[in-house]
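A.B. asks: just the structure for this:
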Amino acid sequence: MQKFILASVSSVWLLTGCSSTPPVLGVINGQLTPCPEKPNCVSSFAKDKAHYIAPIQHTGTALDIKNDIFNVLKNMPNSMATQTQDNYVRAEFTSKVFRFVDDVEFYFPDTETNNTTIHIRSASRVGHSDFGVNQERVEQIRSQLGKADKISN
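C.D. replies: This next block holds a predicted model:
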């Protein structure tokens with residue numbers, strides 16, 4: 001029994017340590033980093049159906065959009081914005097039990113109008129499958145940003 005507990009604690013500790021190292025992310029050539037081959041990532045830039053998720057349509061200036069994203073993030077459990085630029089926000093979501101970290105990125109290129117496309121990528125740092133958690137998270141964010149969009153208009 002003690003060996004089982006020790007093995008379990010060691011596994012959790014090792015996995016937690018792996019999840020704390022952020023991957024190299026960001027905007028490269030006007031696109032977010034591509035998803036890996038594993039089914040634990042969704043992106044509005046993905047070319048394949050397994051990883052693709054539609055971008056989010058929103059109105060407002062880049063500053064308005066950034067503020068709306070921050071408001072959504074602060075109301076989502078276990079989330080924290082970790083990087084921000086003029087038209088980019090990155091956040092980390094940490095699972096309660098095993099402390100796995102998922103990275104979520106928002107990229108909203110400059111436009112001539114107030115209608116903006118927010119490209120999004122959500123990916124798990126470790127593991128193979130995420131059981132649809134990243135897709136579900138993006139849809140929750142989409143819903144919350146839609147509510148913020150209606151309030152501001």
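A.B. asks: please, where are all the helices along the protein?
C.D. replies: 2-19, 62-74, 133-152 (DSSP state H).
A.B. asks: centroid-nearest residue for this structure?
C.D. replies: The residue lying closest to the centre of the chain (Cα atoms, centre = their mean) is V104, at 1.6 Å.
A.B. asks: thought that residue was touching I120?
C.D. replies: Yes. Here V104 reaches I120: they are 7.1 Å apart, a contact under Cβ atoms under 8 Å. From N, CA and C alone the C-beta is placed, and that goes for glycine too.
A.B. asks: mutual contacts of these two, please.
C.D. replies: Contact with both V104 and I120 is made by residues V138, I141, according to Cβ atoms under 8 Å, 6 or more residues apart in numbering.
A.B. asks: weakest of the helices of the chain by average pLDDT?
C.D. replies: Lowest mean pLDDT within the helices of the chain: helix 2-19, at a mean of 47.
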